[in-house]
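In: Pasting the sequence and the predicted model now:
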Amino acid sequence: METDKPILLSGIKPTGVPHIGNYFGAIKQLVEFQTVGSHQSYIMVADYHALNFVQNAGDMRDLTRELVLTYMASGLNPEKVVLFKQSDVPAHTELAWIFDTITTMPYLMRAHAFKDGEAKNKEVSVGTFNYPMLMAADILLYNTAKVPVGHDQKQHIEFARDTAEKFNRTFGETFTLPEEFIVPEVAVVPGLDGQKMSKSYNNTIPLFSSRTDIEELVMSIVTDSGSDRPENVYAIHKLLKTEHELESLYTEHTGKYKALKEALIEDLDAFIAPLRERYHELASDPRTVLDVLEKGGQLARERANVKMEEVRRAVGVS
Ligand code: TYM
């Protein structure tokens, strides 16, 4: 695996069934970078981040496995990218601790997830409060240049950049400053109700939905009868077809919401069917995921350990 290319890193939390928002907002770009070959990619299952939400060992193992299969069924090739699990690289949590010591509580109180929790009167866990520091460690450990994500992760990458600068100022030039890579058209993929597609809003279209599920989900898309074009249907349709292609379809079926939903069902199924098939093919061999994670974990650890040694020397604990 080449190591002289600039580094790209991204991750997903194994907290539920991956949906088309994850795919169009992030995974698709990762596959495109792999095809172009401009970067060495580190693609992560963020299981320690997920531990804030999933606190059952069996569920964590199943969701982790499903996420690895999702990455692979979507086109990521473990021969070309390093596909690994965060918890297989202890340097992530070690570096997060070091970052904690140079970060103030008022700074972390600006994080969206913390503020949302406070606004809803939730008791925010230390893990959730600290989430941005673990994510900064994920990114900075690999000298990452580019982080492809959806818009909801933008602040986390700003935090990673701030943390790199602060560490460099305090202990000497150590970390590369990362940049987010967000594609504006898919920065916020909408869900069935027009809000951001999100597991926590219960408005998702799972990436490997069956034909029957697709039919049910599309028929449940919230439509506003006041206009000619069902905007929530159109917004999802736009992920699959160009505006030019959709123009004739939506003009021909002005006001006919059912026909437009039926067209969306066909297009979604045509997009999802090959992914679904590939997912089941990969899932049929129980060794696949284990082998991929073993190899990816080793490669990620090797690279992370070199950086971690540099960090230990910089702070004086080596
Ligand atoms: P997570 O697991 O919530 O989401 C994974 C990726 O999917 C994107 N995404 C979306 N993009 C557009 N529209 C949507 N509706 C939508 N929903 C989700 C997210 O922006 C993300 O890119 N903290 C991260 C995981 C993480 C990470 C990292 C990412 C941990 N360490 C290091 C990058 C680098 C998260 O919770 O993503």
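Out: Perfect, I can see it now.

In: can we go C-alpha only for contacts and neighbour counts from here?
Out: Noted.

In: where does the stretch 1-150 of the chain come near the ligand, residue by residue?
Out: Residues of the stretch 1-150 of the chain lying close to the ligand by CA under 6 Å from any ligand atom are 9-13, 21-22, 25-26, 46, 135, 138-139, 147, 149-150.

In: Give the rounded mean pLDDT of stretch 118-138.
Out: Averaging pLDDT along stretch 118-138 yields 95.

In: what about it, distance to the chain center?
Out: Centroid displacement of stretch 118-138 relative to its chain, using CA atoms, centre = their mean, to the nearest Å, is 17 Å.

In: So for it, what gets flagged as buried?
Out: By 16 or more other CA atoms under 10 Å, the buried positions in stretch 118-138 come out as 127-138.

In: now those in CSV, with secondary structure?
Out: Formatted as CSV, the buried residues of stretch 118-138 follow (DSSP: H, G, I helix; E, B strand; the rest coil):
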residue, secondary structure
127, helix
128, helix
129, helix
130, helix
131, helix
132, helix
133, helix
134, helix
135, helix
136, helix
137, helix
138, helix
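
In: contacting residues around residue 289?
Out: 65, 68-69 (CA atoms under 8 Å, 6 or more residues apart in numbering).

In: Then residue 52?
Out: 125, 127-128.

In: Which members of the contacts of residue 289 are positioned in strands?
Out: Using DSSP state E to define strands, no part of the contacts of residue 289 is located there.

In: closest to the ligand among the contacts of residue 52?
Out: For those, the closest approach to the ligand (CA to the nearest ligand atom) belongs to residue 128, at 10.6 Å.

In: which residues of the chain fall in strands?
Out: 7-12, 40-45, 82-85, 144-148, 179-181.

In: Please produce CSV containing these, extended by mean neighbour count and mean pLDDT.
Out: Shown next, in CSV, are the strands of the chain (neighbours: other CA atoms under 10 Å; pLDDT from 0 to 100):
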stretch, mean neighbour count, mean pLDDT
strand 7-12, 23, 98
strand 40-45, 25, 98
strand 82-85, 25, 98
strand 144-148, 22, 98
strand 179-181, 19, 98
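
In: Take those strands and write them to CSV, including distance to residue 53.
Out: Shown next, in CSV, are these (distance: least, CA to CA, whole Å):
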stretch, distance to residue 53
strand 7-12, 13
strand 40-45, 14
strand 82-85, 17
strand 144-148, 23
strand 179-181, 25
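
In: between the residues of the stretch 1-150 of the chain next to the ligand, which is nearest residue 165?
Out: residue 139 (13.4 Å; CA to CA).

In: Contacts only, for that closest one.
Out: With CA under 8 Å, 6+ apart, residue 139 has these contacts: 9-10, 147, 160, 178.

In: any idea which of the buried residues of stretch 118-138 is closest to the ligand?
Out: The ligand has its nearest neighbour among the buried residues of stretch 118-138 in residue 135, at 4.4 Å by CA to the nearest ligand atom.

In: if I look at that closest one, how far off is residue 243?
Out: According to CA to CA, to the nearest Å, residue 135 and residue 243 sit 36 Å apart.

In: rewinding a little: only whichever of the contacts of residue 289 are buried, select them in PyMOL.
Out: The buried residues among the contacts of residue 289 can be selected in PyMOL (16+ other CA under 10 Å) with this line:
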select buried, resi 65+68+69
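
In: Among the contacts of residue 289, name the ones in helices.
Out: 65, 68-69 (DSSP state H).

In: Show me the longest helix that occurs in the chain.
Out: Longest helix of the chain, by residue count under DSSP H: helix 287-315.

In: Let me see the contact set for residue 6.
Out: By CA under 8 Å, 6+ apart, the contact set of residue 6 is 38-40, 144-145.

In: Surely residue 31 touches residue 78?
Out: No: here residue 31 does not reach residue 78: they are 11.4 Å apart, not a contact under CA atoms under 8 Å.

In: List the buried residues for stretch 108-115?
Out: Counting neighbours by 16+ other CA under 10 Å, stretch 108-115 gives 108, 111, 113-115 as buried.
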